[in-house]
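In: dropping the sequence and predicted coords here.
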Amino acid sequence: MTIKTPQSQTKGRIHSIETCGTVDGPGIRYVIFTQGCPLRCLYCHNADCRYPNGGKEVTVDELIEDIQKYHSYMKFSGGGVTITGGEPLMQPEFVLEIFRRCQELGIHTALDTSGYVKLATVKPVLDYVDLVLLDIKSFDPKIYHQVTSVSLEPTLNLARYLSDIKKPVWIRFVLVPHLTDPPHNIRGLAEFVSDLKNVERVEILPFHKMGEYKWEQLGYEYQLKDTPSASPELVATAKKIFAEYGIEVN
């Protein structure tokens with residue numbers, strides 16, 4: 001049954017929607033990929049989300065109407081709505097309104113973010129977020145900049161703030177051979193995460209090249225074309241380092 005909620009003409013730009021996602025938060029999830037991202041990650045598998053004027057414009061009402069079609073699946077599985085990107089926080093008002101409406105409907109909300117944002121921008125949005133999926137792409141600032149072309153500090157600031165307000169967080173780290181895999185980089189991240197009081201889950205995501213074809217289609221140079229996928233042995237080594245800090249990695 002569709003529940004009527006107050007209408008909103010708030011608009012935003014999205015790249016696409018996945019109606020039955022299972023990897024971006026708990027349960028079955030309605031995943032919204034927003035358009036626009038300030039990072040230029042070398043391994044990005046959504047490079048076509050890069051520019052904010054791409055994709056298509058939609059209203060919050062249009063999204064909520066569609067989301068409600070999957071309410072029973074989300075409720076049964078303990079799922080909800082995840083907004084990812086791109087970087088959702090480039091459109092904070094749009095994201096806030098989607099999440100506000102979802103919570104009115106009793107739908108769990110998850111924000112997938114790089115954390116590269118001013119705290120003043122994200123604080124109002126967090127009032128309507130049940131779970132943050134925080135991508136910490138490196139702990140060594142030089143490696144982080146090499147991977148993303150931006151500074152690490154805003155992400156660490158957000159991580160500390162989320163811990164202070166006890167907002168549930170899943171930490172995600174992409175393990176890239178010959179790039180993010182130095183032991184001191186993994187150890188630094190593990191030590192940092194061990195001091196946070198709100199982390200429910202840590203995920204090591206092994207590097208793959210599934211998005212390489214998108215770079216080719218867009219005419220971008222894919223600098224990691226000769227980089228191998230992360231081996232099970234490399235992932236096991238990273239997990240062992242996290243375990244030294246009392247962190248079980250998924």
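Out: Sure thing, it's come through.

In: next SSE downstream of the helix or strand of the chain with the lowest mean pLDDT?
Out: The weakest-scoring helix or strand in the chain, judged by mean pLDDT, DSSP states H and E, is helix 212-218 (a mean of 83). Going down the chain from helix 212-218, the next helix or strand is helix 232-243, by DSSP states H and E.

In: how distant is whichever strand or helix holds Y161 from the center of its chain?
Out: Using DSSP H and E, Y161 maps to helix 153-164. Remark: helix 153-164 is offset 15 Å from the chain centroid, using CA atoms, centre = their mean, to the nearest Å.

In: one more: stretch 184-200?
Out: Distance of stretch 184-200 from its chain centroid, counting by CA atoms, centre = their mean, is 17 Å.

In: please point out which parts of that stretch sit buried.
Out: 185-190, 192-193, 199 (16 or more other CB atoms under 10 Å). Just so you know, the C-beta spots here come from the backbone N, C-alpha and C atoms, and that holds for glycine as well.

In: return the subset of those lying in strands.
Out: In strands, defined here by DSSP state E, the members of the buried residues of stretch 184-200 are V199.

In: tell me where this structure has strands.
Out: 11-21, 29-34, 56-59, 80-84, 108-113, 131-135, 169-175, 199-206.

In: out of these, which gets nearest to R50?
Out: strand 11-21 (9.7 Å; CB to CB).

In: so where's this structure shaky on pLDDT?
Out: The chain contains residues with pLDDT under 70 at 1-8.

In: about what we covered before: just how off-centre is the least confident helix or strand of the chain within its chain?
Out: 21 Å.

In: circling back: just want the angle from the helix holding Y161 to strand 108-113.
Out: 150 degrees (axes from the mean of the first three to the mean of the last three CA atoms, to 10 degrees).

In: name the residues of helix 153-164 that are buried.
Out: Across helix 153-164, burial judged by 16+ other CB under 10 Å covers 154-156, 158-159, 162-163.

In: repeat for stretch 137-146
Out: Quick answer for stretch 137-146 (16+ other CB under 10 Å): 137-140, 143-144.
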